[in-house]
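Q: 3D, please:
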Amino acid sequence: MSFLASNLRFLRKQKGITQSDLADQLDVQRTMISAYEDGRSEPKLAALQKICELLEVGMDELINHDIEKLGRKAIQKRDLNILTIAVDDQDRENITLVGQKASAGYLNGFADQEYMEKLPQFHLPNLSSNATYRAFELAGDSMLPLIPGTIVIGAYVDHLSSIKSGRTYVLVTQTEGVVYKRVFNYLSENGKLFLVSDNEHYKPFEVKGEDVLEAWEAKAFISTDFPNPGDKKKPLSLDDLGEMIKDIQLDLKKLKG
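A: Take a look at the predicted model:
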(Lines give C-alpha, C1' and ligand atoms only; values in the text may rest on other atoms or scores of the structure.)
Protein backbone atom coordinates (compact mmCIF):
# COMPACT_ATOMS: atom_id res chain seq x y z
CA MET A 1 0.00 0.00 0.00
CA SER A 2 1.32 3.45 -0.93
CA PHE A 3 1.02 6.28 1.58
CA LEU A 4 2.12 8.90 -0.97
CA ALA A 5 -1.18 10.81 -1.08
CA SER A 6 -1.73 11.04 2.69
CA ASN A 7 1.94 11.73 3.44
CA LEU A 8 2.09 14.50 0.85
CA ARG A 9 -0.97 16.22 2.31
CA PHE A 10 0.24 15.79 5.91
CA LEU A 11 3.82 17.01 5.33
CA ARG A 12 2.74 19.91 3.13
CA LYS A 13 0.37 21.20 5.83
CA GLN A 14 2.97 20.56 8.54
CA LYS A 15 5.41 22.84 6.72
CA GLY A 16 2.78 25.48 6.06
CA ILE A 17 2.97 25.13 2.29
CA THR A 18 -0.23 25.73 0.33
CA GLN A 19 -1.26 23.66 -2.66
CA SER A 20 -0.67 26.71 -4.84
CA ASP A 21 2.85 27.17 -3.44
CA LEU A 22 3.71 23.54 -4.12
CA ALA A 23 2.19 23.75 -7.59
CA ASP A 24 4.39 26.74 -8.40
CA GLN A 25 7.48 24.87 -7.23
CA LEU A 26 6.62 21.87 -9.41
CA ASP A 27 5.42 24.02 -12.34
CA VAL A 28 2.01 22.30 -12.45
CA GLN A 29 -1.60 23.40 -11.93
CA ARG A 30 -2.93 23.55 -8.35
CA THR A 31 -5.58 21.00 -9.33
CA MET A 32 -2.76 18.52 -10.01
CA ILE A 33 -1.56 18.82 -6.39
CA SER A 34 -5.13 18.18 -5.27
CA ALA A 35 -5.19 15.07 -7.47
CA TYR A 36 -1.93 13.86 -5.92
CA GLU A 37 -3.30 14.28 -2.41
CA ASP A 38 -6.59 12.58 -3.26
CA GLY A 39 -4.82 9.62 -4.82
CA ARG A 40 -6.35 10.29 -8.24
CA SER A 41 -2.94 10.84 -9.84
CA GLU A 42 0.71 10.27 -8.99
CA PRO A 43 3.63 12.61 -9.72
CA LYS A 44 6.25 11.60 -12.24
CA LEU A 45 9.71 10.72 -10.96
CA ALA A 46 11.24 14.17 -11.48
CA ALA A 47 8.35 15.83 -9.63
CA LEU A 48 8.54 13.19 -6.88
CA GLN A 49 12.23 13.96 -6.34
CA LYS A 50 11.44 17.68 -6.09
CA ILE A 51 8.66 16.97 -3.57
CA CYS A 52 11.08 14.94 -1.41
CA GLU A 53 13.56 17.82 -1.49
CA LEU A 54 10.96 20.45 -0.57
CA LEU A 55 9.43 18.36 2.22
CA GLU A 56 12.81 17.05 3.47
CA VAL A 57 11.80 13.42 3.34
CA GLY A 58 13.28 10.29 1.79
CA MET A 59 11.41 8.79 -1.15
CA ASP A 60 11.01 5.41 0.52
CA GLU A 61 9.54 7.02 3.64
CA LEU A 62 7.21 9.23 1.61
CA ILE A 63 5.78 6.29 -0.32
CA ASN A 64 5.92 3.35 2.08
CA HIS A 65 5.66 4.75 5.64
CA ASP A 66 2.48 6.08 7.25
CA ILE A 67 4.00 9.29 8.64
CA GLU A 68 0.81 10.76 10.12
CA LYS A 69 0.01 7.59 12.07
CA LEU A 70 3.50 6.28 12.91
CA GLY A 71 5.56 9.49 12.94
CA ARG A 72 8.80 10.18 11.15
CA LYS A 73 11.41 7.45 10.95
CA ALA A 74 14.39 7.91 13.28
CA ILE A 75 16.99 8.31 10.56
CA GLN A 76 20.17 10.31 10.32
CA LYS A 77 20.55 13.35 8.09
CA ARG A 78 22.58 11.49 5.46
CA ASP A 79 19.60 9.19 4.87
CA LEU A 80 17.57 12.18 3.68
CA ASN A 81 19.81 12.85 0.69
CA ILE A 82 17.89 12.91 -2.57
CA LEU A 83 19.26 10.31 -4.96
CA THR A 84 20.21 11.76 -8.33
CA ILE A 85 19.16 9.49 -11.17
CA ALA A 86 18.87 9.68 -14.94
CA VAL A 87 15.75 8.71 -16.88
CA ASP A 88 15.06 8.01 -20.55
CA ASP A 89 12.46 9.73 -22.73
CA GLN A 90 9.80 7.34 -21.38
CA ASP A 91 10.55 8.38 -17.79
CA ARG A 92 12.15 5.00 -17.00
CA GLU A 93 15.15 4.94 -14.70
CA ASN A 94 18.47 4.23 -16.39
CA ILE A 95 21.33 2.33 -14.79
CA THR A 96 24.25 4.75 -14.63
CA LEU A 97 27.71 3.28 -15.17
CA VAL A 98 30.56 4.62 -13.04
CA GLY A 99 33.77 3.45 -14.69
CA GLN A 100 37.18 3.18 -13.02
CA LYS A 101 38.28 6.56 -14.39
CA ALA A 102 35.03 8.19 -13.27
CA SER A 103 35.23 6.95 -9.67
CA ALA A 104 37.22 9.93 -8.37
CA GLY A 105 34.89 12.44 -10.04
CA TYR A 106 31.83 10.56 -8.79
CA LEU A 107 32.67 11.53 -5.19
CA ASN A 108 32.06 15.17 -6.11
CA GLY A 109 29.44 14.72 -8.80
CA PHE A 110 27.08 12.01 -7.51
CA ALA A 111 24.53 14.67 -6.47
CA ASP A 112 24.92 16.75 -9.65
CA GLN A 113 22.22 15.99 -12.23
CA GLU A 114 24.29 17.35 -15.15
CA TYR A 115 27.33 15.27 -14.18
CA MET A 116 25.25 12.11 -13.79
CA GLU A 117 23.61 12.56 -17.19
CA LYS A 118 27.04 12.62 -18.85
CA LEU A 119 27.92 9.15 -17.56
CA PRO A 120 26.99 6.08 -19.68
CA GLN A 121 23.43 4.83 -19.21
CA PHE A 122 21.83 1.48 -19.97
CA HIS A 123 18.96 -0.90 -19.10
CA LEU A 124 19.00 -4.53 -18.00
CA PRO A 125 16.10 -7.00 -18.02
CA ASN A 126 15.01 -9.13 -15.07
CA LEU A 127 15.88 -6.60 -12.36
CA SER A 128 13.19 -5.73 -9.84
CA SER A 129 11.43 -2.46 -10.61
CA ASN A 130 11.22 -1.67 -6.89
CA ALA A 131 14.82 -0.47 -6.63
CA THR A 132 17.18 2.06 -8.17
CA TYR A 133 20.36 0.60 -9.63
CA ARG A 134 23.87 1.85 -10.37
CA ALA A 135 26.80 0.05 -12.00
CA PHE A 136 30.42 0.31 -10.87
CA GLU A 137 33.51 -0.98 -12.66
CA LEU A 138 35.90 -2.82 -10.32
CA ALA A 139 39.57 -1.92 -10.01
CA GLY A 140 42.09 -4.23 -8.36
CA ASP A 141 41.80 -7.86 -7.30
CA SER A 142 40.59 -7.54 -3.71
CA MET A 143 37.29 -9.24 -4.50
CA LEU A 144 38.42 -12.27 -6.49
CA PRO A 145 37.12 -14.24 -8.30
CA LEU A 146 35.66 -10.99 -9.71
CA ILE A 147 38.53 -9.57 -11.74
CA PRO A 148 39.38 -5.92 -12.51
CA GLY A 149 37.02 -4.53 -15.12
CA THR A 150 34.00 -6.49 -13.86
CA ILE A 151 30.83 -4.39 -13.69
CA VAL A 152 28.95 -4.77 -10.39
CA ILE A 153 25.32 -3.65 -10.39
CA GLY A 154 24.03 -2.48 -7.03
CA ALA A 155 20.60 -1.58 -5.66
CA TYR A 156 20.42 1.66 -3.68
CA VAL A 157 20.25 1.32 0.12
CA ASP A 158 18.08 4.06 1.66
CA HIS A 159 19.36 3.67 5.22
CA LEU A 160 22.69 2.34 6.42
CA SER A 161 20.92 0.44 9.17
CA SER A 162 19.49 -1.79 6.41
CA ILE A 163 22.95 -3.14 5.51
CA LYS A 164 23.00 -6.89 6.15
CA SER A 165 26.23 -8.33 7.54
CA GLY A 166 28.05 -10.68 5.20
CA ARG A 167 26.65 -9.32 1.95
CA THR A 168 28.65 -7.34 -0.60
CA TYR A 169 28.13 -3.64 -1.21
CA VAL A 170 29.60 -0.79 -3.19
CA LEU A 171 30.19 2.03 -0.69
CA VAL A 172 30.87 5.62 -1.69
CA THR A 173 32.88 7.06 1.19
CA GLN A 174 34.59 10.30 2.09
CA THR A 175 37.67 8.47 3.40
CA GLU A 176 38.17 5.45 1.11
CA GLY A 177 36.54 6.61 -2.11
CA VAL A 178 34.41 4.09 -4.01
CA VAL A 179 34.98 0.56 -2.67
CA TYR A 180 33.38 -2.83 -3.23
CA LYS A 181 33.62 -5.08 -0.16
CA ARG A 182 31.84 -7.62 1.99
CA VAL A 183 30.35 -5.53 4.78
CA PHE A 184 29.60 -6.30 8.43
CA ASN A 185 27.26 -3.89 10.17
CA TYR A 186 28.32 -2.69 13.65
CA LEU A 187 26.58 0.70 13.45
CA SER A 188 24.42 0.02 16.49
CA GLU A 189 27.48 -0.93 18.55
CA ASN A 190 30.20 1.54 17.55
CA GLY A 191 28.86 3.49 14.57
CA LYS A 192 31.14 1.68 12.12
CA LEU A 193 31.04 -0.72 9.20
CA PHE A 194 33.66 -3.47 8.93
CA LEU A 195 34.83 -4.06 5.35
CA VAL A 196 36.35 -7.39 4.30
CA SER A 197 37.91 -8.42 0.98
CA ASP A 198 37.17 -11.85 -0.48
CA ASN A 199 40.86 -11.99 -1.41
CA GLU A 200 42.47 -12.93 1.91
CA HIS A 201 45.67 -11.08 0.99
CA TYR A 202 43.92 -7.78 1.72
CA LYS A 203 43.41 -6.69 5.33
CA PRO A 204 39.91 -5.75 6.57
CA PHE A 205 39.31 -2.18 7.70
CA GLU A 206 36.63 -0.04 9.32
CA VAL A 207 34.64 2.91 7.99
CA LYS A 208 32.59 5.28 10.13
CA GLY A 209 28.92 5.35 9.21
CA GLU A 210 29.03 9.14 9.01
CA ASP A 211 31.65 8.91 6.25
CA VAL A 212 29.43 6.81 3.94
CA LEU A 213 27.78 8.92 1.25
CA GLU A 214 26.02 6.11 -0.64
CA ALA A 215 25.57 2.36 -0.30
CA TRP A 216 24.60 -0.06 -3.09
CA GLU A 217 23.86 -3.73 -2.42
CA ALA A 218 25.37 -5.95 -5.12
CA LYS A 219 22.65 -7.68 -7.15
CA ALA A 220 24.40 -8.73 -10.38
CA PHE A 221 27.65 -8.45 -12.29
CA ILE A 222 28.82 -8.32 -15.89
CA SER A 223 32.16 -9.82 -16.85
CA THR A 224 33.94 -10.90 -20.03
CA ASP A 225 36.02 -13.36 -18.02
CA PHE A 226 34.99 -17.03 -17.99
CA PRO A 227 36.76 -18.59 -15.00
CA ASN A 228 38.20 -22.09 -15.26
CA PRO A 229 36.49 -24.25 -12.61
CA GLY A 230 39.79 -26.00 -11.94
CA ASP A 231 41.41 -22.71 -10.97
CA LYS A 232 38.73 -21.68 -8.49
CA LYS A 233 39.64 -21.54 -4.84
CA LYS A 234 37.09 -22.43 -2.22
CA PRO A 235 35.55 -19.12 -1.11
CA LEU A 236 35.66 -18.09 2.50
CA SER A 237 32.43 -18.84 4.34
CA LEU A 238 30.64 -16.27 6.51
CA ASP A 239 31.75 -18.28 9.55
CA ASP A 240 35.38 -18.00 8.38
CA LEU A 241 34.98 -14.26 7.89
CA GLY A 242 33.36 -13.89 11.30
CA GLU A 243 36.29 -15.66 12.96
CA MET A 244 38.72 -13.44 11.06
CA ILE A 245 36.94 -10.33 12.34
CA LYS A 246 36.98 -11.59 15.93
CA ASP A 247 40.72 -12.30 15.71
CA ILE A 248 41.42 -8.85 14.28
CA GLN A 249 39.31 -7.14 16.94
CA LEU A 250 41.16 -9.05 19.68
CA ASP A 251 44.49 -7.97 18.18
CA LEU A 252 43.32 -4.36 18.10
CA LYS A 253 42.27 -4.52 21.76
CA LYS A 254 45.70 -5.95 22.71
CA LEU A 255 47.46 -3.18 20.81
CA LYS A 256 45.34 -0.50 22.48
CA GLY A 257 46.01 -2.14 25.87
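
Q: any weak-confidence spans in the stretch 1-150 of the chain?
A: Residues of the stretch 1-150 of the chain that meet the criterion pLDDT under 70 lie in 1, 72-82, 91.

Q: Contact partners for the residue nearest to Leu138 when sequence neighbours are not counted?
A: Of all residues not flanking Leu138 in the chain, Thr150 sits nearest, at 4.7 Å (CB to CB, 6 or more residues apart in numbering). Any C-beta I mention is one placed from the backbone N, CA and C, and that applies to glycine too. Residues near Thr150 by CB atoms under 8 Å, 6 or more residues apart in numbering: 137-138, 221-223, 225.

Q: and if you look at Val87?
A: By CB under 8 Å, 6+ apart, the residues touching Val87 are 45-46, 93-94.

Q: Which of the residues you listed has the largest number of neighbours?
A: Asn94 (19 neighbours; other CB atoms under 10 Å).

Q: pretty sure that residue contacts Met116?
A: No - Asn94 is beyond contact range of Met116, at 9.5 Å (criterion: CB atoms under 8 Å).

Q: overlap in contacts of the two?
A: Both Asn94 and Met116 are contacted by 85-86, under the criterion CB under 8 Å, 6+ apart.

Q: and the residue most central in space within the chain, what pLDDT?
A: Closest to where the C-alpha atoms of the chain average out (CA atoms, centre = their mean) is Tyr156, at 2.9 Å. In this model, Tyr156 is scored at 92, pLDDT.

Q: Strands of this protein, start to end?
A: For the chain, the strands defined by DSSP state E cover 95-98, 121-122, 133-137, 151-156, 168-173, 177-186, 192-196, 205-208, 212-222.

Q: Make JSON lines out of those and add distance to Gln249.
A: Listed next are those as JSON lines, based on distance: least, CB to CB, whole Å:
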{"stretch": "strand 95-98", "distance to Gln249": "32"}
{"stretch": "strand 121-122", "distance to Gln249": "41"}
{"stretch": "strand 133-137", "distance to Gln249": "29"}
{"stretch": "strand 151-156", "distance to Gln249": "27"}
{"stretch": "strand 168-173", "distance to Gln249": "20"}
{"stretch": "strand 177-186", "distance to Gln249": "10"}
{"stretch": "strand 192-196", "distance to Gln249": "9"}
{"stretch": "strand 205-208", "distance to Gln249": "10"}
{"stretch": "strand 212-222", "distance to Gln249": "20"}
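
Q: which one of these lies closest to Arg9?
A: Judged by CB to CB, the one of these that comes nearest to Arg9 is strand 151-156, at 26.4 Å.

Q: Figure out how far the closest one is from the centre of its chain.
A: 9 Å (CA atoms, centre = their mean, to the nearest Å).

Q: Report pLDDT for Val172.
A: 92.

Q: Can you report how many residues lie near the nearest residue to Ser20 once chain neighbours are set aside?
A: Spatial nearest neighbour of Ser20, excluding adjacent residues (CB to CB, 6+ apart): Arg30 at 5.0 Å. Number of residues near Arg30 (other CB under 10 Å) recorded here: 14.

Q: Now for Arg30: which residues touch it?
A: Going by CB under 8 Å, 6+ apart, Arg30 touches 19-20, 23.
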